[in-house]
Structures are given as C-alpha cells and as structure tokens.
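In: after the sequence you'll find the predicted model.
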Amino acid sequence: AQTVTQSQPEMSVQEAETVTLSCTYDTSENNYYLFWYKQPPSRQMILVIRQEAYKQQNATENRFSVNFQKAAKSFSLKISDSQLGDTAMYFCALTTQGGSEKLVFGKGMKLTVNP
Amino acid sequence: GAVVSQHPSWVICKSGTSVKIECRSLDFQATTMFWYRQFPKQSLMLMATSNEGSKATYEQGVEKDKFLINHASLTLSTLTVTSAHPEDSSFYICSARDRWEGLRYEQYFGPGTRLTVT
C-alpha cells in the first residue's frame, strides 16, 4: 500500500519570500509518479508540478521546484518569490505505474502568503 | 487543453431524493475517471474508479447502492447519490485520465460540485 504524509498542517510566508513544503511517502513499487496539487479557495485542483521517480533530475516549473530524495522517500516543494495568488491548500500525491492508477493524497497543507 | 467540467456546480436537494452529478472531459477521451469526496479542510477521499463500459470499482466503505456510477462514454461519467441524507452533504470532485497520455499518469480535475441535502 502507498502512503503520503504531510506533517505540516499550515504555514505562512511573506510575499516575495521562499517557502518549502515537505512531503514524505512510502511505496514498495519502483516505478511511480509524484505530484503537487494546489487547491485555491475556488476549490479547483490545479497541478503544480510532477516528478517521475525514474528521473534523477528535480522537476522545475517557473517559481516551483522540487527536492526529490528517492532513497529518503522525500518530495518537498519549494516556492520562490511567493505571490498572494499562491495562497491555497497544497496536496502531495503519489501514483504507481500500472495497477489501479489511483492517486494517493496527503492530508494537505494550508499555505498563506501575507502581503 | 485537458479540461474537465462538472454539472451542476452546486445543488440543494431534499432528504430522500436522488441527485445526479455529471463529469465530462471536454477535449480528450477518458477511459478512466475518478470520483472523490472532500469534507471542509480535509483531503480528497477517493470514492470509486470509473471505467468506460464496465462497472465502477468502489473503495472500501463506500456504499455501491447509494453512490451509483455510470461511465457510458469516453467523455462522460455520472455519479448519482440515491436517497440522499444530510450526512451526504459534501463537495464531490471528479477527475479523468487522458487515454492517450500513457505514462504521464496525470489526472485532470473538474471544478467540483457542492451538494447540500436539507
């Protein structure tokens, strides 16, 4: 069984600063994919970034980057130059290749960006 | 691209009645769709996996007869909450996988449906 753990329920950061959201996971599969989703107050789930486990290079998407530590089963998200629009719930998620294709979500973390 | 719609966005129904929620992939074909339930300030809870042309696979603890799922085409899945009760009030979200994206394993999410049962 797969599990995803987000141990920080809530964080706040000042606008323009950098913040890191932590996520650990557990799976016995070798081929899997990790995601960070954002859910703003509108409640629309938005994909922030994805990482294939077989890729050693950390994924980046503009101001968003990940620190993927496969051996430690850690997948943290770094948001640089935080903006007010980054205020949202952030969910870490895992899916494995093949099988049921289900996404396993962490409990989420509420990020507030203050002006 | 990769847009998923849900209808209605908000529905209020009386206890004992049934309500149907539609999930459509607008610009891609989805052999697999997923239905989630989300309570306030909580994570998404997977209810069932919907496969086109076959029966849905329900998660443990989800009542199949209460939450009827139909995935009759490659672009439409429906969730019917039968004999709704106030405890069924929640936010329901669907997602879909593009059949041609293969190894991306990405799910595209609909905007959600707020169900209130009075």
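Out: Received it, and whenever you're ready, just let me know what you need.

In: just the pLDDT at residue B:98, thanks.
Out: Residue B:98 is assigned 85 on the pLDDT scale.

In: check contacts around it.
Out: Taking Cβ atoms under 8 Å, 6 or more residues apart in numbering or on different chains, we find residue B:98 in contact with B:2, B:25, B:28, B:29, B:30, B:104, B:106, B:108. Where you see a C-beta, it was placed from the backbone N, CA and C, and this is true even at glycine.

In: do the same with residue A:103
Out: A:35, A:93, A:94, A:95, B:34, B:46, B:95, B:107.

In: just the pLDDT for it.
Out: 91.

In: equivalent analysis for residue B:111, please.
Out: At residue B:111, the pLDDT recorded in the model is 97.

In: tell me, how many residues neighbour it?
Out: 16 (other Cβ atoms under 10 Å in any protein chain shown).

In: list the contacts for the closest residue to it other than its chain neighbours?
Out: Leaving aside its sequence neighbours, residue B:111 sits nearest to residue A:44 (Cβ to Cβ, 6 or more residues apart in numbering or on different chains; 5.0 Å). By Cβ under 8 Å, 6+ apart, the residues touching residue A:44 are B:109, B:111, B:112.

In: beta partners of the spatially most central residue of chain A?
Out: Taking Cα atoms, centre = their mean as the criterion, residue A:36 is the residue nearest the geometric centre of chain A, at 3.1 Å. Beta-bridge pairing for residue A:36 (DSSP bridges): residue A:49, residue A:92.

In: among the contacts of residue B:98, name the buried ones.
Out: Neighbour counting by 16 or more other Cβ atoms under 10 Å in any protein chain shown classes B:2, B:25, B:28, B:30, B:106, B:108 among the contacts of residue B:98 as buried.

In: please enumerate the strands of the chain.
Out: Using chain A here. A:3-5, A:10-14, A:19-21, A:24-26, A:32-39, A:46-52, A:60-61, A:64-69, A:74-79, A:88-96, A:104-105, A:109-114 (DSSP state E).

In: actually chain B
Out: So, for chain B - with DSSP E - the strands run B:4-7, B:10-13, B:19-25, B:32-38, B:44-51, B:57-58, B:67-73, B:76-81, B:90-97, B:108-109, B:113-117.

In: contacts for the fifth one?
Out: The reference is to strand B:44-51. By Cβ under 8 Å, 6+ apart, strand B:44-51 touches A:45, A:91, A:100-103, A:105, B:31-39, B:56-59, B:62, B:67, B:69-71, B:77, B:79, B:93.

In: just the buried subset of these, please.
Out: Here, 16+ other Cβ under 10 Å leaves A:45, A:91, A:101-103, A:105, B:31-38, B:56-58, B:62, B:67, B:69, B:71, B:77, B:79, B:93 buried among those.

In: and whichever residue of chain A sits closest to chain B, what does it touch?
Out: The nearest approach of chain A to chain B comes at residue A:45, 3.7 Å away (Cβ to the nearest Cβ). Contact analysis of residue A:45 by Cβ under 8 Å, 6+ apart lists A:37, A:38, A:39, A:91, B:44, B:93, B:95, B:109.

In: surely residue B:23 and residue B:77 touch.
Out: Yes - using Cβ atoms under 8 Å, residue B:23 is in contact with residue B:77, at 4.7 Å.

In: what do those two both touch?
Out: B:33, B:35, B:94, B:96.

In: thought the third one was touching residue B:78?
Out: No - proximity of residue B:94 to residue B:78 does not meet the contact threshold set by Cβ under 8 Å, at 9.4 Å.

In: what is in contact with those two at once?
Out: With contacts taken as Cβ under 8 Å, 6+ apart, the residues that reach both residue B:94 and residue B:78 are B:21, B:23.

In: thanks a lot, catch you later.
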